[in-house]
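Asker: here is a sequence together with a model predicted from it:
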Amino acid sequence: MPTLIAIDQGTTSTRTVAFDADLNIIHSKQKEYPLIYPNDGWVEIEPEELMNSVYSTIDPVLDACSDVSALGITNQRETTLVWDSDSGKPVYNAIVWQDRRTVEQCMQLKKDGYEETIKNATGLLLDPYFSATKISWILNNVDGARQKADAGKLRFGTVDTYLLWQLTDGNVYKTDVTNASRTNLYNIHTKEWDSELLKIFNIPKSMLPEVFPSESHYGSFDRGNKTIKITGIIGDQQGALVGQRCFQPGQMKATFGTGCFLMVNSGSEYLQSTSGLLNTLGYGLSGSVPYALEGSIFSAGTIIQWLRDNLEFFSDSAESINLLDERGESNGVLFIPGFTGIGAPHWNAEIRASFYGITRDTTKTDMVTAAFKSLIYQVMDIKEALSIDGIEIKNLSIDGGMAANSSFCQLLSDFLGQEVRVPPSLESTAIGAAIAAGIGAHLFSIENLQNQQSNDATIYRPREKVFIENDLIEWRKFLKALLDAYN
């Protein structure tokens with residue numbers, strides 16, 4: 001039976017998943033690895049650890065599969081790697097999308113008047129989140145990097161490009177439109193690297209990979225006794241958009257992983273957000289490259305990990321459900337999840353996480369519930385931002401690890417006041433990569449996937465008298481006070 005393989009390279013782990021021709025999971029392997037925090041707001045990954053996680057998950061999956069038709073890659077997006085073109089060795093650790101070390105550079109570029117130029121070309125804000133200032137930081141702070149770059153000896157890639165380079169022994173240097181659109185260097189109107197932006201960030205064009213549709217021939221690699229064709233690459237959040245079959249304008253998904261990302265297909269017409277959301281490219285499949293609007297929440301699963309590992313409130317993330325009040329009552333305790341700043345629609349890189357309202361009577365349940373509610377409140381803020389931009393959400397499809405928490409899903413439905421749909425498989429990101437690879441291998445098309453939404457989804461419907469508006473009002477007051485302090 002033909003098999004599709006997806007490498008889902010995430011922020012804290014790599015997962016390799018094998019699918020049959022009907023996109024059912026037949027094999028899966030996951031490996032976590034540590035993040036590095038050298039300074040306040042800095043987040044890095046050791047590249048060798050990253051690659052080891054890829055090989056240690058892909059090998060057992062390939063061993064279990066006799067007939068592999070194609071492979072797709074999906075990845076954490078803005079995370080930045082720069083390596084020597086001759087040796088293939090990185091000149092610095094991978095700088096993760098959450099990293100905030102380039103705050104001052106972004107502020108200076110805003111003062112210099114470049115913000116609108118960048119926003120108009122890329123659909124993105126001028127923020128440390130994106131790849132461009134990460135590249136600049138490496139060139140300006142790693143000994144000899146600037147000289148090597150000017151001599152054409154360095155290569156930049158988001159994680160997909162780095163994996164592709166490593167898997168193909170340096171023979172393929174490409175990325176896809178979704179990953180390129182997250183760099184602050186790619187013009188999403190002309191669909192090419194923007195020479196003006198390269199000048200603004202002082203980055204040589206020789207450092208940049210070729211850009212292709214998400215379904216393309218990305219070369220092949222040998223592993224064990226198999227030769228594997230790579231026919232799909234797509235950024236993780238766009239992968240989830242595809243995996244949730246959001247092929248029509250107005251269809252929306254939310255992925256609760258390390259961060260939380262809400263994305264809506266906004267169609268072929270560019271819609272400039274006026275409310276702090278990001279414009280990006282949704283995918284490049286079957287000749288279609290639609291735009292998408294995105295709301296980015298920097299911390300989601302990382303909050304649960306922090307409650308588990310740092311505060312030791314529970315030993316397994318799945319146990320958090322036992323400390324989440326089923327009606328969302330946190331007894332006045334509020335939480336701002338700003339471990340690495342706060343994203344859409346507020347965009348403040350300096351704000352930090354904090355609890356408010358703790359008293360002598362505060363319990364673990366109050367604090368855990370407040371943490372979960374902070375995610376829901378951010379989703380509500382993004383929903384309002386979408387409404388300002390003229391997009392009304394009728395229902396919401398969610399995936400990612402936190403979607404397995406039924407109490408959280410029910411509260412999300414209660415607070416949003418609308419249905420929340422959870423698909424039978426939470427691997428929407430990997431499914432999206434498999435779809436991209438399958439289209440690239442001519443196994444199927446968007447048309448024959450369009451109507452394949454599963455009827456086995458779990459539907460959560462809002463309960464009456466659960467959401468307390470005053471709690472949201474107090475949370476927004478607390479957040480505003482913090483935002484004002486850092487403005």
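Answerer: All right, it came through fine.
Asker: can you map out the helices along the stretch 101-250 of the chain?
Answerer: Shown for the stretch 101-250 of the chain, the helices assigned by DSSP state H, counting those that start in this stretch span residues 103-111, 115-122, 131-141, 145-150, 159-167, 177-180, 195-201, 236-243.
Asker: who's in contact with the fifth one?
Answerer: The reference is to helix 159-167. 7, 9, 47, 50-51, 54, 73-77, 79, 81, 83, 88, 90, 94, 155, 157, 172-176, 179, 209, 218-219, 221, 230, 233, 235 (CB atoms under 8 Å, 6 or more residues apart in numbering). To be clear about C-beta, it is placed using only N, CA and C from the backbone, and glycine gets the same treatment.
Asker: now do the first one
Answerer: The contact list for helix 103-111, computed with CB under 8 Å, 6+ apart, reads 41, 115, 118, 126-128, 133, 136-137, 200, 349-350.
Asker: tell me where the model's unsure across the protein.
Answerer: 1, 450-455, 487 (pLDDT under 70).
Asker: report the outermost residue of it with respect to its centre.
Answerer: Within the chain, the residue lying farthest from the chain centre (CA atoms, centre = their mean) is residue 360, at 38.0 Å.
Asker: the closest residue in space to residue 101 that isn't next to it in sequence - how many residues pack around it?
Answerer: Nearest non-adjacent residue to residue 101, counting by CB to CB, 6 or more residues apart in numbering: residue 42, 5.2 Å away. Neighbours of residue 42 under the rule other CB atoms under 10 Å: 16.
Asker: thought residue 42 was touching residue 98?
Answerer: No: with contact defined as CB atoms under 8 Å, residue 42 does not count as touching residue 98 (9.3 Å).
Asker: which parts of the stretch 151-300 of the chain are strands?
Answerer: 154-157, 174-176, 186-187, 192-193, 210-212, 220-223, 226-235, 252-256, 260-267, 278-281, 291-297 (DSSP state E, counting those that start in this stretch).
Asker: turn those strands into TSV, columns for distance to residue 474 and mean neighbour count.
Answerer: Below are these laid out as TSV (distance: least, CB to CB, whole Å; neighbours: other CB atoms under 10 Å):
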stretch	distance to residue 474	mean neighbour count
strand 154-157	44	26
strand 174-176	43	27
strand 186-187	41	23
strand 192-193	46	15
strand 210-212	46	16
strand 220-223	54	16
strand 226-235	36	25
strand 252-256	24	26
strand 260-267	21	24
strand 278-281	28	24
strand 291-297	20	24
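Asker: want to throw those into JSON lines with distance to residue 392?
Answerer: Listed next are the strands of the stretch 151-300 of the chain as JSON lines, based on distance: least, CB to CB, whole Å:
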{"stretch": "strand 154-157", "distance to residue 392": "38"}
{"stretch": "strand 174-176", "distance to residue 392": "30"}
{"stretch": "strand 186-187", "distance to residue 392": "29"}
{"stretch": "strand 192-193", "distance to residue 392": "34"}
{"stretch": "strand 210-212", "distance to residue 392": "33"}
{"stretch": "strand 220-223", "distance to residue 392": "45"}
{"stretch": "strand 226-235", "distance to residue 392": "26"}
{"stretch": "strand 252-256", "distance to residue 392": "10"}
{"stretch": "strand 260-267", "distance to residue 392": "10"}
{"stretch": "strand 278-281", "distance to residue 392": "18"}
{"stretch": "strand 291-297", "distance to residue 392": "13"}
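Asker: among those, which comes closest to residue 402?
Answerer: Within those, the stretch nearest residue 402 is strand 252-256; the backing value is 3.6 Å (CB to CB).
Asker: that closest one packs against which elements?
Answerer: helix 236-243, strand 260-267, strand 396-399, helix 428-440 (3 or more CB pairs under 8 Å, 6 or more residues apart in numbering; DSSP states H and E).
Asker: mind giving me JSON lines with the ones you listed and columns for distance to residue 380?
Answerer: Converted to JSON lines, the helices and strands packed on strand 252-256 look like this (distance: least, CB to CB, whole Å):
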{"stretch": "helix 236-243", "distance to residue 380": "19"}
{"stretch": "strand 260-267", "distance to residue 380": "11"}
{"stretch": "strand 396-399", "distance to residue 380": "11"}
{"stretch": "helix 428-440", "distance to residue 380": "22"}
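Asker: so which of the ones you listed gets nearest residue 469?
Answerer: Comparing the helices and strands packed on strand 252-256 by their distance to residue 469 (CB to CB), the top pick is strand 396-399, with 19.5 Å.
Asker: pop out the phi and psi values for the residue nearest to residue 101.
Answerer: The phi/psi pair for residue 42 (degrees, to the nearest 10) reads phi -90, psi 140.
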